[in-house]
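K.L.:
The following comprises the amino acid sequence and a computationally predicted model.
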Amino acid sequence: MSASDSVPRVGVWLIGARGSVATTVVAGCAAMTAGLHPPTGLLTETPPFTGSGLPALSSLVFGGHDTVDCPLPKRAEVLAAGGVLPHGLPALVSAELAAAEREIRPGGPLPGDTRSEEDLIAAFAADIRSFVRRCRLTRAVVVNVASTEPAPTGDALPPSSLYAAAALRAGCAYVNFTPSTGLHHPSLRRQADSFGLPFAGRDGKTGQTLLRSVLGPMFTQRALTVRAWSGTNLLGGGDGASLADPSAAAAKNAGKERVLADTLGTTPEGEVHIDDVPALGDWKTAWDHIAFDGFLGTRMVLQTTWQGCDSSLAAPLVLDLARLAARAHERGLSGPLSELGFYFKDPVGQGPAGLGEQYARLVGFAERLREERSGDGQRGGGFADDPVAEGAEGAEGADGGGGGGSAGSADRSGEQW
């Protein structure tokens, strides 16, 4: 994505950079910057965020890690053929897709990879720092949009946590848009106070849970008793394939169930089932059956059906989060950005679970960023002076925690990377 040399450029480093969500993010940002499409679904382009100092869409530069080798331009053509991207858009933004493709590096660990956790973290962090230096960026945000991984067992760091550790070592804000472990691994959480970087997550709230976070408070506020709440998800694509693994599906469902428990004050009967239907591709259908009691115990039912394109639902949220996290980093904020809970099923930090209250907190955060603009340049350094500065070295004594951790097992938690 091109930008004038006079405009600070901000990197968005995507984990899963050749996937459907990442491809839609890159193509969508290019389309909006060129005026080809309006910023529908992009909350940071609405009036409450005007003047908050967020990086312009035209200033964003994309790169990332992935373990697959399908080039972004080709992936975009596949998505357009499936109706995810508008017909003809890949050709109109081919230059931007090609530029992002040039900045994608091999991820891992791949089968047969003998590198240690420390070696992998160091390699990933070096890729990010090289991206920042090569593209002359003021800072970068790492966003995980890869497929859901199973919950880890033991002390070993899963791939999502290796990438999270690398992001912090490279001095970047970090956003986990997936249900995967990321910074939630115990050996990373113990280092949270040492980096002084902002982070947010986890598991983007794009469809079924978005609706649940609205309906749950509605039942509570109307004093209606929910007896059972069951749901089914039908989806295809990479996420459908990964969620066919019961352990990965369990990680996904935990956030969906937590929203109900937090908004209803109790856990109703019922559960969510996830079915992989490859023929659906990037489209999904989510159905909920809610049994509740009304006045004098009258039994009633509400059923909802949500049909949508997961990549199109997720992409504007990813752009919002990258811009907000970059601005928070610029302002010198650190630790969990609980004000961004609006975007997640399982938000970090403390905050409400109902969508209305979460939106109010998010708008308050935008106001806070706007009020602090007069102090820009006095807090929150980027990469301009030292693109390869280690996060841990630059954050000693910082307030709050950006999340960090050991490069290996839990017994190494006292090490600086």
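P.N.:
Cool, got the structure. This is a predicted model, so every value here is computed, not measured.
K.L.:
Assumed residue 286 was part of a strand.
P.N.:
Yes - Residue 286 forms part of a strand when assessed by DSSP: H, G, I helix; E, B strand; the rest coil.
K.L.:
who touches the residue nearest the centre of the chain in this structure?
P.N.:
Central residue of the chain (CA atoms, centre = their mean): residue 177, 2.3 Å from the mean position. Residues near residue 177 by CB atoms under 8 Å, 6 or more residues apart in numbering: 21, 143, 144, 145, 201, 202, 203, 204, 314, 317, 318, 321. Using the backbone N, CA and C atoms, a C-beta is placed for each residue, glycine as well.
K.L.:
Tell me the one of those residues nearest residue 227?
P.N.:
Set against residue 227, the nearest of the contacts of residue 177 by CB to CB is residue 203 (26.4 Å).
K.L.:
related to what we said a few turns ago, mind putting the contacts of residue 177 into a markdown table with neighbour count, pLDDT and distance to residue 340?
P.N.:
Shown next, in a markdown table, are the contacts of residue 177 (neighbours: other CB atoms under 10 Å; pLDDT from 0 to 100; distance: CB to CB, whole Å):
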| residue | neighbour count | pLDDT | distance to residue 340 |
| --- | --- | --- | --- |
| 21 | 30 | 96 | 17 |
| 143 | 32 | 98 | 12 |
| 144 | 27 | 98 | 14 |
| 145 | 25 | 97 | 15 |
| 201 | 31 | 93 | 9 |
| 202 | 25 | 93 | 11 |
| 203 | 24 | 93 | 12 |
| 204 | 26 | 95 | 11 |
| 314 | 25 | 96 | 15 |
| 317 | 25 | 98 | 10 |
| 318 | 26 | 98 | 12 |
| 321 | 27 | 98 | 7 |
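K.L.:
Adding distance to residue 44, write the residues you listed out as CSV.
P.N.:
Formatted as CSV, those follow (distance: CB to CB, whole Å):
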residue, distance to residue 44
21, 17
143, 14
144, 19
145, 17
201, 18
202, 20
203, 20
204, 15
314, 15
317, 10
318, 11
321, 9
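K.L.:
how far away is the residue nearest to the centre of the chain from residue 291?
P.N.:
32 Å (CB to CB, to the nearest Å).
K.L.:
from what I can see residue 168 touches residue 174, true?
P.N.:
Yes - using CB atoms under 8 Å, residue 168 makes contact with residue 174 at a distance of 6.3 Å.
K.L.:
In the stretch 201-350 of the chain, mark out all the helices, start to finish.
P.N.:
Along the stretch 201-350 of the chain, counting by DSSP state H, counting those that start in this stretch, helices occupy 208-221, 237-242, 246-264, 310-330.
K.L.:
still on that earlier bit, in terms of pLDDT, where does the residue nearest to the centre of the chain sit?
P.N.:
pLDDT for residue 177: 97.
K.L.:
Which residue, other than its chain neighbours, is closest to it?
P.N.:
Of all residues not flanking residue 177 in the chain, residue 204 sits nearest, at 4.4 Å (CB to CB, 6 or more residues apart in numbering).
K.L.:
Please identify the buried residues of the host helix or strand of residue 132?
P.N.:
Of the helices and strands defined by DSSP states H and E, residue 132 is found in helix 117-134. Buried residues in helix 117-134, counted by 16 or more other CB atoms under 10 Å: 117-118, 120-125, 127-132.
K.L.:
go on, stretch 364-374?
P.N.:
Buried positions in stretch 364-374, judged by neighbour count with 16+ other CB under 10 Å: 365, 366, 369, 370, 372.
K.L.:
you'd agree the fourth one is up against residue 48?
P.N.:
Spelled out, it's residue 370. No - assessed by CB under 8 Å, residue 370 is found out of contact with residue 48, at 9.3 Å.
K.L.:
how about low-confidence regions in this protein?
P.N.:
Scanning the chain for pLDDT under 70 picks out the ranges 1-6, 192-193, 240-241, 243-253, 255, 372-417.
K.L.:
mind redoing it with 80?
P.N.:
Scanning the chain for pLDDT under 80 picks out 1-7, 190-193, 237-257, 372-417.
K.L.:
how about the strands in it?
P.N.:
10-15, 60-66, 104-106, 139-144, 173-176, 198-201, 225-235, 272-276, 283-293, 299-309, 335-336 (DSSP state E).
K.L.:
I'd like to know which of those is closest to residue 95.
P.N.:
Once these are compared by CB to CB, strand 60-66 is nearest, at 12.4 Å.
K.L.:
to the chain's geometric centre, what's the distance from that closest one?
P.N.:
The chain centroid and the centroid of strand 60-66 are separated by 14 Å under CA atoms, centre = their mean, to the nearest Å.
K.L.:
So for that strand, what gets flagged as buried?
P.N.:
So for strand 60-66, counting by 16+ other CB under 10 Å, buried means 60, 61, 62, 63, 64, 65, 66.
K.L.:
bridging residues for the first one?
P.N.:
As for beta bridges, residue 60 partners with residue 10 under DSSP bridges.
K.L.:
Just name the closest of the buried residues of stretch 364-374 to residue 231, please.
P.N.:
residue 365 (30.1 Å).
K.L.:
quick one: contacts for that closest one?
P.N.:
Per CB under 8 Å, 6+ apart, neighbours of residue 365: 324, 337, 339, 340.
K.L.:
and which of the contacts of residue 177 is nearest residue 220?
P.N.:
Among those, residue 203 lies closest to residue 220 (CB to CB), at 22.3 Å.
K.L.:
From residue 180, how far out is that closest one?
P.N.:
Taken as CB to CB, the span from residue 203 to residue 180 is 8 Å.
K.L.:
Residue 7 too?
P.N.:
Residue 7 sits at a distance of 33 Å from residue 180 (criterion: CB to CB).
K.L.:
More neighbours: which of the two?
P.N.:
Legend: neighbour count by other CB atoms under 10 Å for residue 7 and residue 180, higher for residue 180 (30 against 12).
K.L.:
shouldn't that one be in contact with residue 152?
P.N.:
No - in this structure, residue 180 is not within contact of residue 152 by CB under 8 Å, at 9.1 Å.
K.L.:
anything in contact with each of those two?
P.N.:
residue 158.
K.L.:
Do I have it right that residue 210 meets residue 355?
P.N.:
Yes - in this structure residue 210 lies within contact range of residue 355 using CB under 8 Å: 7.0 Å.
K.L.:
dump the residue contacts of residue 235.
P.N.:
243, 274, 275, 276, 277, 280, 283, 284, 285, 310.
K.L.:
May I see those residues arranged in a markdown table, with neighbour count and distance to residue 104 as well?
P.N.:
Output for the contacts of residue 235, formatted as a markdown table (neighbours: other CB atoms under 10 Å; distance: CB to CB, whole Å):
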| residue | neighbour count | distance to residue 104 |
| --- | --- | --- |
| 243 | 24 | 24 |
| 274 | 23 | 29 |
| 275 | 15 | 31 |
| 276 | 18 | 26 |
| 277 | 15 | 29 |
| 280 | 19 | 26 |
| 283 | 21 | 25 |
| 284 | 24 | 26 |
| 285 | 17 | 31 |
| 310 | 25 | 21 |
